[in-house]
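Participant: Build me a model from this:
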Amino acid sequence: MAEKLDDTRIGIIGAGAMGGAVAAGLLASGIPTASIRVSDPDPDRRKTLGESRGIRCGADNREVVEQSDLVVLAVKPNQVTRVLRELGGAGNASLARPLWVSIAAGVSLSSLAGDLPPGARLVRSMPNTPALVGEAATAFVANAEATEADRVAARLLFEALGTAWEAPSEELLDAVTGLSGSGPAYVFVFLEALGDAGVRMGLPREAAYLLATQTVLGAARLALESGRHPASLRDQVTSPGGTTIAGLERLEAAGFRSAIHDAVEAATRRARELGGR
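Facilitator: Residues are numbered from 1 along each chain as shown. Next up, the predicted model:
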């Protein structure tokens, strides 16, 4: 694998929302359209992605694999085994040539390896839905066969979609699923509640949701760009005896922090159950 994606031929199997997001992120990062190929059985998806992005799209997974150095598996988890076995699975030695990057939730490295020939280089990842707007939080882990250059390529791929973190062990991807994989849903519930609260206090609905959404976006950006601990930033907003401390007291009394902990724990536990662990 090259240490730059510019010279890497990238194939994407699956032109759904996440496959399309990967393609869009790569293009936005400067990867030329000629370096990307996509396959999908749905002609409407192929047409949509091909016309909107100018990417070569077809129905033949085998052709995409043969013409790619890195292949992104962007199909539903229950389709992974079928897709790989239709390509020849463990009996097709040529499938060991490209680097395989799976974004299928819950599909382990060992499961992927079982459907590919010995020596296949694999990366398992957990991106989240903000990939659709180039703001994904992605964790990934590589198998023992993957080289340092492969891990660099995976990191560059996911940095094209947002932020990437290489996990030191595969087991941590369950916790990643509970936190950032499911996390957007927690944030959306918070946004809805914050906006509804504004409406309850008399704000026009459109203004309440606009202010709530921008507040969450701005707070997250401030935390990222300042590099400060969230508690420090919270204290900066919280004046003694002021409005913010009054609101925070109610959140604490209602068990807000504990509820977040419980949500991440429950989602992590469910990820382990779905993975058979």
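Participant: for the chain, what are the low-confidence residue spans?
Facilitator: Applying pLDDT under 70 to the chain flags residues 1-3, 277.
Participant: Show me how it divides into domains.
Facilitator: Domain segmentation of the chain under automatic domain parsing yields 5-170, 181-274.
Participant: what about the helices in the protein?
Facilitator: Per DSSP state H, the chain carries helices over the ranges 17-28, 43-53, 61-66, 80-86, 109-114, 148-159, 172-176, 183-200, 205-226, 230-237, 243-253, 256-274.
Participant: which parts of stretch 40-55 are buried?
Facilitator: Going by neighbour count (16 or more other C-beta atoms under 10 Å), the buried part of stretch 40-55 is 40, 45-46, 49-50, 53, 55. Bear in mind the C-beta positions are built from the backbone N, C-alpha and C, glycine included.
Participant: S108 reaches E170, doesn't it?
Facilitator: Yes: using C-beta atoms under 8 Å, S108 is in contact with E170, at 6.8 Å.
Participant: Now the common contact residues for those two.
Facilitator: Both S108 and E170 are contacted by R124, under the criterion C-beta atoms under 8 Å, 6 or more residues apart in numbering.
Participant: Of the buried residues of stretch 40-55, which pair is most distant in space?
Facilitator: For those, the farthest-apart pair by C-beta to C-beta is D40 and R53; their separation is 13.0 Å.
Participant: Please report how far L132 lies from V101.
Facilitator: Going from L132 to V101 by C-beta to C-beta, to the nearest Å gives 18 Å.
Participant: Same question for T213.
Facilitator: For T213 relative to V101 (C-beta to C-beta), the value is 32 Å.
Participant: Quick check on the two: which one has the bigger neighbour count.
Facilitator: Neighbour comparison, T213 and V101: the larger count goes to V101, with 27 against 15 (by other C-beta atoms under 10 Å).
Participant: Quick check: closest non-adjacent residue to that one.
Facilitator: Using C-beta to C-beta, 6 or more residues apart in numbering and skipping the chain neighbours, the partner closest in space to V101 is V123 (4.5 Å).
Participant: partner residues bridging the one you found?
Facilitator: V123 forms beta bridges with V101, A142, as assigned by DSSP bridges.
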